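[1] Just to be clear, the model below is a prediction. Sequence and coordinates:
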Number of protein chains: 2
Amino acid sequence: MLLGSVEAGGTKFVCAVGDENYKVIDQETFPSKNPKETLQRTVDFFKRFPELDAIGIAAFGPVEVRLNHPDYGVITKKTPKVAWRGINIVDKIKNEINVPIFLTSDVNGSAYGEYVSAKSHDEDVESVVYYTVGTGVGAGIVIDGHFIGALGLQEMGHVKVKRHPADLAFKGICPHHGDCLEGLASGPTFDARLGKNGKEVPITDPTWDIMAYYLAQAAVQTTLTVRPNKIVFGGGVMSPEFLNMIREHFADELNGYVDVLPLEEYITMPEIENNGSATLGDFSLAKKVVKVGEGHAFAIDR
Amino acid sequence: MLLGSVEAGGTKFVCAVGDENYKVIDQETFPSKNPKETLQRTVDFFKRFPELDAIGIAAFGPVEVRLNHPDYGVITKKTPKVAWRGINIVDKIKNEINVPIFLTSDVNGSAYGEYVSAKSHDEDVESVVYYTVGTGVGAGIVIDGHFIGALGLQEMGHVKVKRHPADLAFKGICPHHGDCLEGLASGPTFDARLGKNGKEVPITDPTWDIMAYYLAQAAVQTTLTVRPNKIVFGGGVMSPEFLNMIREHFADELNGYVDVLPLEEYITMPEIENNGSATLGDFSLAKKVVKVGEGHAFAIDR
């Protein structure tokens, strides 16, 4: 079996082909420029593999993933990437590479990879939530091998949180909501608060603690709503030190109200190395559409 | 088929028996006094129906609902009802009424009833979230006929929310979290804020608007996480006027970021009359255990 993956990110595309054990056979990474050029390069990559069985696509967005929706495959008008608004990222690939396609969000792809990986060493794992903290904040949810969302994808970066007392003057940077989670805890909030990139801000700066407080609240919301086996934090802003700050605030905020696994197992960074979570997730989702056939609405159908 | 329901509430128990079309045949309501007396009266009620096929129980809590958990059926130490801490509410019924039992939370029972009802006039309904706003705040989730929660039940009343600018001095009343949703928006917060019962507070009092702001944030969190077809608000604090205030704040806070159904369909009060949501849900869950047999872990298994 030959499985394809497109990790369609806001800054780069990662195309890969792997075997049925999810071992990467070939991979190509290129910047997300204009849609036409980027999608052409994606198609050119897969044309080199005439034996391909299926492709999993994990796309930036918001993107419409409901198979029965007239806009299936379309990046919506809410995307910050203006050139991609209204672009259908499935059609071009589908027309030129005639295999079943499974489409989900970038974060759902990563969530699926981490779910498959966690399940490989613990059969009892049922659900995984994956947050990415980078240019934006987003999250994916896998429950028992399925995604959820009767009306479309999760957009958990845009929830409201209790403001940190030392951060009340900051208005937040989300163009839609101001001080939602993404508006308060995404990477660019460093520039907005301090006038410099987060990479230049030492971990001892109180801004990190403020952001950890907000992300911990998101983890508490998820814990009390989904009761997952595991919450994974990935994305360019994350580091082991920052993760520990999130764990500490999480413990304070949850205050033992419900049981979770020990925090070093419950709140983690991705266990798949080299940003490979989405690629592994895509391979696994591609494998499913080989079996069930396209049109099976697996994206939403539980 | 003869189906049983126990709505085990914090203030009263409602026991009922119905037919396979969920029509109530007999019903008895009595206060939740000490556990021994209350559970005995529950058993006495069902003993009158030797043809009973199964019982659905929707219980206050927190309660352990995972069938494979050693504390299955036990009301946990976090419950505010001191006399019920550590009490197993399944064992007594199971020992004296020998039928399969399905146990879930009070709010999941209500969510299930509203899900069954919504689905009866719209086959496409996939998921329903049910909030109760009364002595406490809680919520249940049904997705495609199943509950979720790898590590146990939802406790969505205890999430944090952004504080209303006119309410910053109020510390909240949750003994575990202070100003979590329940600590800010449950019925007894009227007494804590104004020194009188909510029933005596006119809907024009700004406290109602503050509470609507908090509950609207919970609805936004749920919308962005679960993407349900419908969010139902029930419980003693709710009224059509208050619901409208929640809808208005919801529209402001979501700011059109994702599509939802028209708000008069999306955010509603229970469509089952006379507080019958949990009873209908219990009947439907009881019917399922008749079919699949007890021990099928339907509570968690999707």
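    Here it is on my side, so go on. Numbering: from 1, shown residues only, chains lettered A, B, ... in the order given.

[2] For the stretch 201-302 of chain A, what lies in contact range of chain B?
    A:217, A:220-222, A:224-229, A:253, A:255-261, A:300-302 (Cβ under 8 Å from any Cβ of the partner chain). All C-beta spots, glycine's among them, are computed from the backbone N, C-alpha and C.

[3] Now, these that are in helices?
    A:Gln217, A:Val220, A:Gln221, A:Thr222, A:Leu224, A:Thr225, A:Val226, A:Glu253 (DSSP state H).

[4] Could you dump those into CSV with pLDDT and neighbour count added?
    Converted to CSV, these look like this (pLDDT from 0 to 100; neighbours: other Cβ atoms under 10 Å in any protein chain shown):
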residue, pLDDT, neighbour count
A:Gln217, 98, 27
A:Val220, 98, 27
A:Gln221, 98, 27
A:Thr222, 98, 22
A:Leu224, 98, 23
A:Thr225, 98, 25
A:Val226, 97, 26
A:Glu253, 98, 21
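
[5] Show me the two of these that sit farthest apart.
    Pairwise distances across those peak at 16.2 Å for A:Val226 and A:Glu253 (criterion: Cβ to Cβ).

[6] Would you reformat the ones in helices among the residues of the stretch 201-302 of chain A next to chain B as a markdown table and include distance to B:Pro165?
    Shown next, in a markdown table, are those (distance: Cβ to Cβ, whole Å):
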| residue | distance to B:Pro165 |
| --- | --- |
| A:Gln217 | 19 |
| A:Val220 | 23 |
| A:Gln221 | 22 |
| A:Thr222 | 27 |
| A:Leu224 | 25 |
| A:Thr225 | 26 |
| A:Val226 | 30 |
| A:Glu253 | 22 |
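
[7] Please name the residues that touch the most centrally placed residue in chain A.
    Residue closest to the average C-alpha location in chain A (Cα atoms, centre = their mean): A:Val107, at 1.3 Å. A:Val107 is in contact with A:Ala58, A:Tyr130, A:Tyr131, A:Thr132, A:Gly138, A:Ala139, A:Gly140, A:Gln154, counting by Cβ atoms under 8 Å, 6 or more residues apart in numbering or on different chains.

[8] give me the element the residue nearest to it when sequence neighbours are not counted is part of.
    Closest residue in space to A:Val107, ignoring its immediate chain neighbours: A:Gly140 at 3.7 Å, by Cβ to Cβ, 6 or more residues apart in numbering or on different chains. Taking DSSP states H and E as the definition, A:Gly140 sits inside strand A:137-143.

[9] how about A:Met172, phi and psi?
    Residue A:172: Gly, not Met. phi 90, psi 160 (degrees, to the nearest 10).

[10] can you give me the helices for the stretch 101-250 of chain A?
    Assignment of helices within the stretch 101-250 of chain A using DSSP state H, counting those that start in this stretch yields the ranges A:106-121, A:181-185, A:188-194, A:206-226, A:240-254.

[11] what's in contact with stretch A:192-203?
    A:Phe170, A:Ile173, A:Gly187, A:Phe190, A:Asp191, A:Asp205, A:Thr207, A:Trp208, A:Val237, A:Ser239, A:Glu241, A:Phe242.

[12] dump the residue contacts of the residue of the stretch 201-302 of chain A found nearest chain B.
    The nearest approach of the stretch 201-302 of chain A to chain B comes at A:Arg227, 3.8 Å away (Cβ to the nearest Cβ). When contacts are counted by Cβ under 8 Å, 6+ apart, A:Arg227 touches A:Ser127, A:Val258, B:Ile148, B:Gly149, B:Ala150, B:Leu151, B:Gly152, B:Leu153, B:Gln154.

[13] Kindly report the same for A:Val24.
    A:Ala16, A:Val17, A:Gly18, A:Gly276, A:Thr279.
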